[in-house]
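Visitor: with the sequence up front, the predicted model follows.
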Amino acid sequence: DLGGLPVDPETARVNALAPGVLEGLGARVEQVRLDLSDAEEAFRVYRAWYYALSYGGMPAERLGANVRWNVEQGLKVTGADLARAERLRSGLYRRMTRFFGDHDFLLAPVSQVPPFPVGEPYVSEIDGEPMPDYLAWMRSAYWVSVLHAPAISVPCGFTRDGLPVGVQIVGRPFDDLGVLRLAHLFER
């Protein structure tokens, strides 16, 4: 759960199958406790800044509500905010470098929830925990993106209702080939 993220019980149940698949391939698997909490602030600052940079000059009426919100957040970002986000991201990178000194890969949920009805714009609650905004239900994906490490989503199984659930395989920085190889073996 990447250090305490809420995960839908069905998603967790399916993702719990992944270590057994890897053990069946001869891997040694262990449960670890990671502290990726700094990824939240780093991601949100960089994302907001990107939106202001990319869309800040466009007329507001040409932008959807979510893009407008992201631009508004980005226009509030200061140089000090960017410096702090970079310090946080650098700390995450150092912690993950230590992790990858002892481990070849990290397995985690791709999404914290199984697919949800198309009419719902986003998930507002996961396993009883309210999501503060439309981004929060995607933390399991965007926390990993802040690490600048290669990651891939592979099918892991299905919920009891037949909905697909994936697991993400995350590798050491620049080990894209290793991630692709493991993903191929996992899928087979």
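Guide: Yes, it's here. Numbering: from 1, shown residues only.

Visitor: can you report how many residues lie near the closest residue to G171 other than its chain neighbours?
Guide: Residue nearest to G171 in three dimensions, not counting chain neighbours: V179, with 3.9 Å by CB to CB, 6 or more residues apart in numbering. Heads up, the C-betas are built off the backbone N, CA and C, glycines and all. By other CB atoms under 10 Å, 21 other residues sit near V179.

Visitor: assign V179 to helix, strand or coil.
Guide: For V179, the assignment made with DSSP: H, G, I helix; E, B strand; the rest coil gives helix.

Visitor: for P115, same thing?
Guide: Going by three-state DSSP: P115 is coil.

Visitor: tell me the spacing between it and P164.
Guide: According to CB to CB, to the nearest Å, P115 and P164 sit 7 Å apart.

Visitor: find the centremost residue of the protein, please.
Guide: Centroid-nearest residue in the chain: A141, 1.6 Å away (criterion: CA atoms, centre = their mean).

Visitor: which SSE is it in?
Guide: Per DSSP states H and E, A141 falls inside helix 139-146.

Visitor: got it, and R95?
Guide: Using DSSP H and E, R95 sits within helix 79-102.

Visitor: need the contact partners of the next helix or strand after that helix.
Guide: Downstream of helix 79-102, the first helix or strand assigned by DSSP H and E is strand 105-109. With CB atoms under 8 Å, 6 or more residues apart in numbering as the test, strand 105-109 has contacts from 1-2, 5, 7, 11-12, 15, 18-19, 22, 29, 32, 34, 99, 140, 144, 165-171, 178-179, 182.

Visitor: give me that answer again for 7 Å
Guide: 2, 7, 11, 15, 18-19, 140, 144, 167-171, 182 (CB atoms under 7 Å, 6 or more residues apart in numbering).

Visitor: and if you look at stretch 138-145?
Guide: 2, 5, 36, 39-40, 43, 108-112, 151, 168, 170.

Visitor: how much space separates D161 from E72?
Guide: Taking CB to CB as the measure, D161 falls 38 Å from E72.

Visitor: err, C156, not the other one
Guide: To E72, C156 is 37 Å away according to CB to CB.

Visitor: show me which of these two is the more surrounded one.
Guide: Using other CB under 10 Å as the criterion, C156 and E72 rank with C156 on top: 22 against 14.

Visitor: per-residue pLDDT of that one, please?
Guide: Reading off the confidence values, C156 has pLDDT 96.

Visitor: strands paired with the one helix or strand it maps to, and their directions?
Guide: C156 belongs to strand 151-158 when assigned by DSSP H and E. Using DSSP bridges, the strands paired with strand 151-158 are strand 164-171 (antiparallel).
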